[in-house]
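*Asks:* Quick one, fold the following:
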Amino acid sequence: MLYALLSFVIENYRPLMDNYYSELEDVEQRVLKNPLSQADVERIQGLRRDLLRLRRYIGPLAEICQELQRLDFPFIDKNMRPYFRDVAIHVNRLLEDLTALREMADHAIEIGLLLESSRQSVTQRKFAAWAAILAFPTAVAGIYGMNFNNMPELAWQYGYFAVLGLIATGCVGLYASFKRSGWL
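*Replies:* Prediction:
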């Protein structure tokens with residue numbers, strides 16, 4: 001009867017573990033498709049907390065089964081010891097599954113953070129590229145805004161157009177370079 005009770009308790013944890021596995025797979029898929037949200041983090045943390053609680057409940061069952069295999073109880077037939085070993089094996093599998101599920105939850109958070117970091121890196125590169133493109137005409141205009149007397153190109157008939165061409169060429173060159181390197 002004790003074997004049947006322990007076996008029943010252990011087997012009833014399996015559907016619960018399957019539900020957690022399914023839920024973690026759903027969270028993983030959502031994290032891969034969308035940025036990690038506050039609700040996702042709270043959900044994953046809630047799942048991790050539930051899995052830890054389950055581990056605290058299931059852990060002592062492994063010790064109980066080990067004791068039932070080793071100790072000589074007068075009310076337990078010695079021929080029943082292999083059955084308790086069977087229950088102990090199921091308990092150990094559940095504990096391994098719990099560890100794997102906790103790792104899945106940890107990996108879901110890590111994946112979300114890595115993807116968010118990657119998205120931010122791409123955005124920062126784009127901002128840096130546009131800042132460099134805008135810095136070029138600013139620098140050229142700053143030089144010509146100093147109003148030095150010895151700037152020969154100021155007296156040229158086409159000096160204004162030459163400077164505008166230089167600015168346009170520089171900006172297009174920078175844009176093409178950043179586009180080719182994947183920054184834009």
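
*Asks:* middle-most residue in this protein, spatially?
*Replies:* Nearest residue to the geometric centre of the chain (C-alpha atoms, centre = their mean): residue 111, 1.7 Å.

*Asks:* I figured that one was touching residue 30, is that so?
*Replies:* No - at 10.8 Å, residue 111 and residue 30 do not qualify as touching, with contact defined as C-beta atoms under 8 Å. Quick note: C-beta positions are derived from backbone N, CA and C, even for glycine.

*Asks:* Quick one, grab the pLDDT at the residue nearest to the centre of the chain.
*Replies:* Looking at residue 111, its pLDDT reads 87.

*Asks:* Grab the nearest non-local neighbour of it.
*Replies:* Nearest residue to residue 111 in three dimensions, chain neighbours excluded: residue 31, at 5.7 Å (C-beta to C-beta, 6 or more residues apart in numbering).

*Asks:* if I pick the residue nearest to residue 162 when sequence neighbours are not counted, what's in contact with it?
*Replies:* Leaving aside its sequence neighbours, residue 162 sits nearest to residue 153 (C-beta to C-beta, 6+ apart; 6.5 Å). Counting by C-beta atoms under 8 Å, 6 or more residues apart in numbering, residue 153 touches 159, 162-163.

*Asks:* tell me, how many neighbours does residue 58 end up with?
*Replies:* Using other C-beta atoms under 10 Å, residue 58 is surrounded by 19 other residues.

*Asks:* top helix in the protein by residue count?
*Replies:* Of all segments of type helix in the chain, defined using DSSP state H, the longest is helix 81-144.

*Asks:* Could you chop this protein up by domain?
*Replies:* Split into domains by automatic domain parsing, the chain comes to 2-120, 123-180.

*Asks:* and among those, the most buried is which?
*Replies:* domain 2-120 (a mean of 14; mean count of other C-beta atoms under 10 Å).

*Asks:* I'm done for today, thanks for sticking with me.
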